[in-house]
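**Student:** I would like the atomic coordinates for the input below:
(one chain, ligands or ions: 2)
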Amino acid sequence: MGKVIAIFNQKGGVGKTTTNVNVSAGLAEQGYKVLTIDIDPQGNTTSGLGVQKNELDKTIYDVLIGEISMKDIKMKTPMKNLELIPSNMNLAGAEIELLDIEKREYLLNNALDKIKDDYDYIFIDCPPAVNILTLNALTAADSVMVPIQCEYYALEGLTHLISTIKLVQKKLNPNLHIEGIIFTMYDARTNLSLQVVEEVKKYFSKEIYTTLIPRNVRLGEAPSHGLPIMMYDEKSKGSESYRLLVEEILERKEA
Ligand code: ADP
Ligand code: MG
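**Tutor:** Numbers count the residues shown, from 1 in each chain. Ligands and ions are numbered 1, 2, ... in the order given. All right, here's what the predicted structure looks like:
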């Protein structure tokens, strides 16, 4: 049965989508069967994998309201072994539209049950908020991967993030655990990046990946070409670092 990992941090612009696309693609490149689910109305994972999000007939929204199954809307991506459940702005009203559905935090979990066996890994790209979509992701997940951007305000949201995870464990998903913390947009030339890493170590220890994702122009360019970094520029620092992260994820699984 596939392991379900939610990429979560309620802050925007910290590298969730970039990590989601490139870790999913990196594992698929290693031969694992991977499904990546976009549950952010912004649909950046969807467009980042080359899908015209505004032309979609059906999205994750239709899955959540029970109109269609995951199997029926999964899409191919440019990377072999990697499939996508797409999203777009149709999902933006979900907060209100799902309001009177019973057990509405479990919709994604229930939909996933029927498809889990087809994959080794299932990643969920969360929106930058704690809302019903995020709660669905955290309820369906076995674990959470948290990208933290190496910048001055990185620590501000950290307490909130930890308490959200604790609350979900208590109320919705007792088995949820932290898969790992990944530092993104790391800049070795600044003290600030180093300080952020040191500070986060006070909260977490064994969860932090030793791989650091550097700030890399190619990582910022790849989504506009609809490709994961390994296919856009295999030799780039960004590609190298996400491949290392994938190795580390696999090593941890062994341990
Ligand atoms: P989130 O999903 O958390 O909002 P994104 O992954 O979309 O964050 O990243 C925010 C922006 O920063 C995007 O434009 C993305 O292309 C860019 N970006 C992300 N990671 C890096 C990186 N390591 N180096 C350079 N640009 C990056
Ligand atoms: Mg995003």
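**Student:** Please report how far residue 105 lies from ligand 1.
**Tutor:** 22 Å (Cβ to the nearest ligand atom, to the nearest Å). Using the backbone N, CA and C atoms, a C-beta is placed for each residue, glycine as well.
**Student:** so that residue touches residue 132, yeah?
**Tutor:** Yes. With contacts counted by Cβ atoms under 8 Å, residue 105 reaches residue 132, the gap being 7.1 Å.
**Student:** what's around the closest residue to residue 42 other than its chain neighbours, how many residues?
**Tutor:** Among residues not flanking residue 42 along the chain, residue 127 sits closest, at 7.1 Å (Cβ to Cβ, 6 or more residues apart in numbering). Neighbours of residue 127 under the rule other Cβ atoms under 10 Å: 24.
**Student:** distance of residue 127 from ligand 1?
**Tutor:** For residue 127, the distance to ligand 1 equals 9 Å [Cβ to the nearest ligand atom].
**Student:** One more: residue 179?
**Tutor:** Residue 179 is 16 Å from ligand 1, by Cβ to the nearest ligand atom.
**Student:** Surely that residue touches residue 4?
**Tutor:** No. Using Cβ under 8 Å, residue 179 is not in contact with residue 4, being 10.1 Å away.
**Student:** Please enumerate the shared neighbours of those two.
**Tutor:** residue 143 (Cβ atoms under 8 Å, 6 or more residues apart in numbering).
**Student:** Need the nearest residue in space to residue 143, chain neighbours excluded.
**Tutor:** Counting by Cβ to Cβ, 6+ apart, the residue nearest residue 143 is residue 179, at 3.7 Å.
**Student:** I meant to write residue 145 there.
**Tutor:** residue 179 (4.6 Å).
**Student:** Tell me the spacing between that neighbour and residue 123.
**Tutor:** Look at residue 179 and residue 123: by Cβ to Cβ, to the nearest Å, they are 10 Å apart.
**Student:** Tell me how many other residues crowd residue 248.
**Tutor:** Look at residue 248: counted by other Cβ under 10 Å, it has 15 neighbours.
**Student:** Ok, residue 229 next?
**Tutor:** Neighbour count of residue 229, defined by other Cβ under 10 Å: 26.
**Student:** ok, now residue 87?
**Tutor:** Residue 87: 29 neighbours (other Cβ under 10 Å).
**Student:** can you check residue 106 too?
**Tutor:** Applying other Cβ under 10 Å, we find 17 residues neighbouring residue 106.
**Student:** helix/strand/coil for it?
**Tutor:** Classification of residue 106 by DSSP: H, G, I helix; E, B strand; the rest coil places it in helix.
**Student:** what sits against it?
**Tutor:** Residue 106 is in contact with 136, 139-140, 172, counting by Cβ under 8 Å, 6+ apart.
**Student:** Any chance of the backbone angles for the closest residue to ligand 1 within the stretch 51-200 of the chain?
**Tutor:** Nearest residue of the stretch 51-200 of the chain to ligand 1: residue 185, at 4.6 Å (Cβ to the nearest ligand atom). Main-chain torsions, residue 185, degrees, to the nearest 10: phi 50, psi 40.
**Student:** Enumerate the positions of the helix or strand bottoming out on mean pLDDT in the chain that are buried.
**Tutor:** The helix or strand of the chain with the lowest confidence, counting by mean pLDDT, DSSP states H and E, is helix 94-97 at a mean of 83. Residues of helix 94-97 classed as buried by neighbour count (16 or more other Cβ atoms under 10 Å): 94, 97.
**Student:** sorry, back to before: tabulate the contacts of residue 106 (a markdown table), appending pLDDT.
**Tutor:** Listed next are the contacts of residue 106 as a markdown table, based on pLDDT from 0 to 100:
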| residue | pLDDT |
| --- | --- |
| 136 | 98 |
| 139 | 98 |
| 140 | 98 |
| 172 | 97 |
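**Student:** Now residue 146: which helix or strand?
**Tutor:** strand 143-149 (DSSP states H and E).
**Student:** Nice, that's everything, thank you.
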